[in-house]
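# Just a sequence and a predicted model for now, questions to come.
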Amino acid sequence: MKELFDARAKLARLKRRESELVEELLDVHKAVAAQKLVIDELIKASTIPPINRLPNELLAQIFLLIRHEREKLACVSRRWRDLIFDTSSIWKEIILSCYEGFPDFLELHLERSRQTPLTVTLDSNQQPELDIVLLHTNRIRVLRIFGDAEHIIDRLASFTLPALEFLLVDVHVHSADPLLSLYSRAPTLKCLRLRELYHHPFPAGPPPGQLSTTTPHITYLSNIPFQSLTHLSLEGAMDSWRLPPDSIHFPVLEFLELRTNCPMSFLEAIVAPKLEQFEFSRTLHILPEYKGFGGPISKFDNVRHIVFAALPGGNLVPYDAFDLAQEFCYVFPGVRHAKIHMQHLHPLFSPCRTVGHPHIPIDNWTRLETLEIQDLDVNKVDMYFVDWFRKRKDLGLHLKLTCERRTANHNFVAPDAFEPGLYHTFQECCASVELCCVPVSSPMYLSVSANSLQLFICPLRQFNQVNPTDLAALARVRSTEPADMLRAQFWTL
């Protein structure tokens, strides 16, 4: 009996094992089928272009960067077309002249923009296109007016601009009254840029030289949105302006740009306690006019950034304009970051002609931290500029040099028998030197030393001795190859 019992027990165990194996086999079959589906999906996905794998939200952000090509993009696929037509922000910018003679397309454009704030360029007064745009003035955030500005501003007279924050006008008007009316209907205006100013942009006051002593000057300026402006840019003639000192208050103005021949009168007239950045450029067609600053030196202590832009046409600054450039060093004594075009180097770094000021004008910027020289021309760098760096090694200045020329200069990087190259001089005198698009011609390479990147200039006779383990060793720079951003990257071999 015991043998029979054991045989039956063994059979039962075998049947259970058989059942387990059958169930396991079925599971394996299911897993195989599922894995085949995964492989099929991966094969299908591998044939889809990477950009089509992006979600619509990310793809829409890319299209925003190239929205001017929206018509071409919409022809790529149905998905792209639907996404472009459904993304209202892609249609937020309108240039009126592009729709001249096509009012139906303009209406379709505005319909696709839905309620998105608009950026509008009015460079045509053609009807009915202008009338169509003016129906949407309640959502214009950025407005640029060119061409017949006076006529366009008159057309805007019956509309309010509650969302307008940025206004650019190529003025060409005979009176400031249309502009003043426009200001009064833009309560949220923050950025104002007026170009081609040949008339006073403020309300008409007494004739030049006959300022009233009984009527407060503020009545002539009451419509200007002083309380909200954070950015102001004025370009044109200011020599005929007659504004009393400290008569214009900009409580929140942070950025001021003046492109004129005589900026000092306007600087004397404004009070801007929060002004942080000032940009200046002289107009090409107007002779420079030097006028010393008559206000207190502490008036613009908060200005930290200053820019001396290039003169239109690429000419050197006339000698008569030197005093004007030098005067800015005393008007803005708290400058920490300066961006100066090559044209302005000589008046800022050469001995000053004005009695009572420091010997070198730029010395007045005692808190200077970073200096950027734009459009560097090594052949025109004079001794005053180089000597200034040699005598002030302890400043810890960060220097950036940019160049738009593609003609190499050996002396900039390669030492000769008498004097080290300019790059070595700047490297020894500054906390850091950054080169951007500066053409060089000597063999150069990067080396890793003490966990940092170092730039080495190697004379031709020693170039074969460069350690081959150095990073980018034996990299030869051609005469027109730019050295871009040496602080962070270098040439690719």
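Sure, I can see it.

# which stretches of this protein have low pLDDT?
Residue ranges of the chain with pLDDT under 70: 171-178, 198-224, 239-240, 284-292, 294, 312-322, 352-358, 405-420, 439-493.

# name the helices or strands packed onto the top helix by length along it?
Counting residues, the longest helix found in the chain (DSSP state H) is helix 2-46. Contacts defined by 3 or more Cβ pairs under 8 Å, 6 or more residues apart in numbering; DSSP states H and E place helix 2-46 against no helix or strand at all. (C-beta placed from N, C-alpha, C; glycine too.)

# Quick check: what element follows that helix along the chain?
As assigned by DSSP states H and E, the chain's next helix or strand after helix 2-46 is helix 56-65.

# and that following helix, C-alpha only, in CSV?
What follows is helix 56-65 as a C-alpha-only set of coordinates in CSV (Å, rounded to 0.1, in the frame of the first residue of the first chain):
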residue,chain,number,x,y,z
ASN,A,56,2.9,71.2,-29.5
GLU,A,57,3.8,73.6,-26.7
LEU,A,58,7.5,73.3,-27.4
LEU,A,59,7.1,73.4,-31.1
ALA,A,60,5.0,76.6,-30.8
GLN,A,61,7.8,78.3,-28.9
ILE,A,62,10.2,77.4,-31.7
PHE,A,63,7.8,78.8,-34.3
LEU,A,64,7.6,82.1,-32.3
LEU,A,65,11.3,82.6,-32.9
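
# Just give me how far the longest helix of the chain sits from the chain centre.
Here helix 2-46 is found 67 Å from its chain centre; the criterion is Cα atoms, centre = their mean, to the nearest Å.

# Write down the beta-bridge partners of the nearest residue to Val169 once chain neighbours are set aside, one by one.
In space, and not counting its chain neighbours, Val169 is closest to Ile145: 4.7 Å by Cβ to Cβ, 6 or more residues apart in numbering. Beta-bridge partners for Ile145, by DSSP bridges, are Leu122, Val169.

# Just give the number of residues close to Glu71.
Counted by other Cβ atoms under 10 Å, the residues lying close to Glu71 total 8.

# Please, which helix or strand holds it?
Per DSSP H and E, Glu71 falls inside helix 70-73.

# immediately after that helix, which helix or strand?
Note on helix 70-73: by DSSP H and E, the next helix or strand toward the C-terminus is helix 78-86.

# Contact partners for the residue lying closest to Cys429 once chain neighbours are set aside?
Of all residues not flanking Cys429 in the chain, Phe389 sits nearest, at 4.1 Å (Cβ to Cβ, 6+ apart). Residues counted as contacts of Phe389 (Cβ atoms under 8 Å, 6 or more residues apart in numbering) are Leu397, Leu399, Thr425, Phe426, Cys429, Cys430.

# What's the local residue count around the closest residue to the second one other than its chain neighbours?
Read that as Leu399. Distance criterion Cβ to Cβ, 6+ apart; nearest residue to Leu399, sequence neighbours excluded, is Cys430 at 4.5 Å. Using other Cβ under 10 Å, Cys430 has 20 other residues around it.

# Am I right that Cys430 is in contact with Leu397?
Yes - shown here, Cys430 and Leu397 form a contact pair, counting by Cβ atoms under 8 Å, at 5.0 Å.

# All the helices of the chain, residue numbers only.
Under the criterion DSSP H, helices of the chain are mapped to 2-46, 56-65, 70-73, 78-86, 103-113, 129-134, 149-155, 177-184, 264-269, 322-331, 345-349, 383-390, 410-413, 422-429.

# one step back: quick check: the farthest pair among the contacts of Phe389?
Largest separation among those by Cβ to Cβ: Leu397 and Thr425, giving 12.9 Å.

# so how far is Lys339 from Glu111?
From Glu111 across to Lys339, the span is 43 Å (Cβ to Cβ, to the nearest Å).

# higher neighbour count, these two?
The neighbour comparison of Glu111 against Lys339 (other Cβ under 10 Å) goes to Lys339, with 17 against 10.

# quick one on the thing from earlier: let me know the closest of the contacts of Phe389 to Leu59.
Leu399 (41.5 Å).

# For Gln343, see how far away the closest one is.
Note on Leu399: its distance to Gln343, by Cβ to Cβ, is 18 Å.

# ok, now His231?
Distance from His231 to Gln343, by Cβ to Cβ: 25 Å.

# Measure how far stretch 126-143 is from the centre of its chain, please.
28 Å.

# burial count for Lys299?
Lys299 has 21 neighbouring residues, counting by other Cβ under 10 Å.

# what's the answer for Ile95, then?
By other Cβ under 10 Å, 15 other residues sit near Ile95.

# what does the one 10 residues further on give?
Phe105 is surrounded by 12 other residues when neighbours are defined as other Cβ under 10 Å.

# Show the contacting residues for the residue lying closest to it once chain neighbours are set aside.
Take Phe105 and drop its neighbours on the chain: the residue closest to it by Cβ to Cβ, 6+ apart is Tyr99, 5.8 Å away. By Cβ under 8 Å, 6+ apart, the contact set of Tyr99 is Phe105, Leu106, His109, Glu129.

# Mind checking which of those residues are buried?
Among the contacts of Tyr99, the ones that count as buried by 16 or more other Cβ atoms under 10 Å are Leu106, His109, Glu129.

# wait, which of those residues is closest to Ala60?
Nearest to Ala60 out of the buried ones among the contacts of Tyr99 is His109 (Cβ to Cβ; 17.3 Å).

# How about the closest one, nearest residue that isn't a chain neighbour?
Nearest one to His109, counting by Cβ to Cβ, 6+ apart, is Trp91 at 5.7 Å.

# Surely that neighbour touches Gln115?
No - look at Trp91 against Gln115 with Cβ under 8 Å: they stay out of range, at 11.4 Å.

# Who has more neighbours out of these two?
Using other Cβ under 10 Å as the criterion, Trp91 and Gln115 rank with Trp91 on top: 20 against 9.

# on that earlier part again, neighbour-wise, which of Leu399 and Gln343 wins?
Higher neighbour count among Leu399 and Gln343: Gln343, with 23 against 18, using other Cβ under 10 Å.

# quick one: the more buried one and Ile362, what's the gap?
Counting by Cβ to Cβ, the separation of Gln343 from Ile362 is 15 Å.

# Number of residues surrounding Leu135?
By other Cβ under 10 Å, 10 other residues sit near Leu135.

# And Ala186, by the same measure?
For Ala186, using other Cβ under 10 Å, the count is 22.

# Same check on Phe308?
Neighbourhood size, Phe308 [other Cβ under 10 Å]: 24.

# wait, it sits on Arg282?
No - using Cβ under 8 Å, Phe308 is not in contact with Arg282; the gap is 9.4 Å.

# Can you identify each of the strands in the stretch 251-400 of the chain by residue range?
255-259, 270-271, 277-281, 305-308, 337-341, 370-374, 398-402 (DSSP state E, counting those that start in this stretch).

# other SSEs contacting the fourth one?
In this structure, strand 305-308 makes packing contacts with strand 277-281, helix 322-331, strand 337-341, judged by 3+ Cβ pairs under 8 Å, 6+ apart.

# Nearest approach to Arg16 belongs to which of those?
Judging the helices and strands packed on strand 305-308 by Cβ to Cβ, what sits closest to Arg16 is strand 337-341, at 82.7 Å.

# Dump that closest one to PDB, keeping only the CA atoms.
Taking C-alpha atoms only, strand 337-341 is exported to PDB below (Å, rounded to 0.1, in the frame of the first residue of the first chain):
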ATOM      1  CA  HIS A 337      30.300  99.100 -16.700                       C
ATOM      2  CA  ALA A 338      31.300 100.900 -19.900                       C
ATOM      3  CA  LYS A 339      30.900 100.000 -23.500                       C
ATOM      4  CA  ILE A 340      32.900 102.300 -25.700                       C
ATOM      5  CA  HIS A 341      33.200 102.300 -29.500                       C
END
